[in-house]
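Q: Any chance you can model this:
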Amino acid sequence: MITPDALGPLPFFVYGTLRPGERNHDLFLRGRTDLAEPGRFQGAALYEGPGYPYAVEEPGGTVSGELVTAARKSYAGLLADLDRLEEYTPGDPRNLYERVARPVQRPDGTTTRAWVYLAAPAVATRLRTGGRRITSGDWLDRR
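A: I've put the predicted structure just below:
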């Protein structure tokens, strides 16, 4: 397991309700970030959930979202708040999401490691077999 301390403060890749204009953006991110820029997470597919999406690692897919850099003074609190929002507890088999460090592509083509909340293994299996995939890989296209 990768711990936050082992990697230092990483940006967050957000692809659903934390994106600008979505319901959780202002609640969790407003005033707590230094930078937000478009990002692309390669090797994943996006699936609809009950009012929010799940990213599932799948070869050939791409998920679009935002790469968000937390303000240094806000990082620890934001990490804890996002873990609660995503109902993520390290090692808990009941997790809906797992927080993992993955490479995310910036607009200039470079990549950076970022925290990504992926569907937990049991959820990912259910989605792959019977979930509704968002073929564009962009949650904003679901409307």
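
Q: Give me the distance between the nearest residue in space to residue 40 that is not next to it in sequence and residue 125.
A: Once flanking residues are discounted, residue 40 sits nearest to residue 105: 4.4 Å by Cβ to Cβ, 6 or more residues apart in numbering. The way it works is simple: take the backbone N, C-alpha and C, and place the C-beta from them, glycine included. According to Cβ to Cβ, to the nearest Å, residue 105 stands 27 Å off from residue 125.

Q: Just want to know which of the two has more residues nearby.
A: Taking other Cβ atoms under 10 Å, residue 105 and residue 125 do not tie; residue 105 has more neighbours (17 against 13).

Q: Which residues are in contact with the more buried one?
A: Neighbour list for residue 105: 39, 40, 41, 42, 111 [criterion: Cβ atoms under 8 Å, 6 or more residues apart in numbering].

Q: Please repeat the previous calculation with a cut-off of 7 Å.
A: 39, 40, 42, 111 (Cβ atoms under 7 Å, 6 or more residues apart in numbering).

Q: Out of the residues you listed, which end up buried?
A: In the contacts of residue 105, burial by neighbour count holds for 39, 40, counting by 16 or more other Cβ atoms under 10 Å.

Q: Most widely separated two among the contacts of residue 105?
A: 39 and 42 (10.3 Å; Cβ to Cβ).

Q: which residues of the chain fall in strands?
A: 12-14, 33-48, 53-70, 97-105, 111-119, 133-134 (DSSP state E).

Q: Of those, which stretch is the most buried?
A: Ranked by mean neighbour count under mean count of other Cβ atoms under 10 Å, the strands of the chain are led by strand 12-14, which reaches a mean of 27.

Q: Quick one: residues in contact with it.
A: Here strand 12-14 makes contact (Cβ under 7 Å, 6+ apart) with 39, 41, 65, 66, 67, 68, 70, 82, 104, 114, 115, 116.

Q: what's the answer for stretch 51-68, then?
A: With Cβ under 7 Å, 6+ apart, stretch 51-68 has contacts from 11-17, 19-20, 29, 33, 36-47, 104, 106, 114, 116, 118-119, 123-124, 127-128, 134, 137-139.

Q: Right, I'll call it a day here.
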